[in-house]
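Visitor: fold the following.
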Amino acid sequence: MSATLKLTHKTIGVEVRRGTYDAMVDGKSAGSVELNETIDIPVDPGRHTLQVRNGRNSSRTETFDVGEGEIASFRSGGKRILPIFLLSFVVPSLALSLRRE
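Guide: Sure thing, here's the model as predicted:
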């Protein structure tokens, strides 16, 4: 049996960075998700890393543990508070948010 990673690309209000996000699980491409969509990615039980990317923009890498038959859910978006939004032009890894739900 495997585990599942559920990734949702959703935001509340206006989002400047609306494009398709690529999901990187353990440093490898695992699929892509459009705005207001969710994808399920099968993963092996254990510890993994997740990052979302859109061109040069990305989220920080999140580490998560998931057990057999469990679901690890994350929500990503491009909406950031103004200081972080402006800083993301210099530090692209701040451009996208990624939160565990």
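Visitor: for the rest of this, base every contact and every neighbour count on C-alpha atoms.
Guide: Will do.
Visitor: which stretches of the protein form helices?
Guide: Assigned by DSSP state H, the chain shows helices spanning 82-87.
Visitor: run through it and note the low-pLDDT ranges.
Guide: Scanning the chain for pLDDT under 70 picks out 1, 13-15.
Visitor: can you pull the contacts of the residue most central in space within it?
Guide: The centre of the chain sits closest to residue 52, judged by CA atoms, centre = their mean, with a distance of 4.0 Å. By CA atoms under 8 Å, 6 or more residues apart in numbering, residue 52 lies in contact with 21, 22, 23, 24, 58, 59, 76, 96, 98.
Visitor: tell me the one among those residues nearest to residue 9.
Guide: residue 76 (4.9 Å; CA to CA).
Visitor: from residue 70, how far off is that closest one?
Guide: Per CA to CA, to the nearest Å, residue 76 is found 20 Å from residue 70.
Visitor: for residue 28, same thing?
Guide: For residue 28, the distance to residue 70 equals 21 Å [CA to CA].
Visitor: could you pull out the strands for this protein?
Guide: Here the chain has its strands, by DSSP state E, at 3-9, 21-25, 28-33, 37-43, 46-54, 57-58, 62-66, 71-77, 97-100.
Visitor: out of those strands, nearest to residue 89?
Guide: Relative to residue 89, the nearest member of the strands of the chain by CA to CA is strand 57-58, separated by 8.6 Å.
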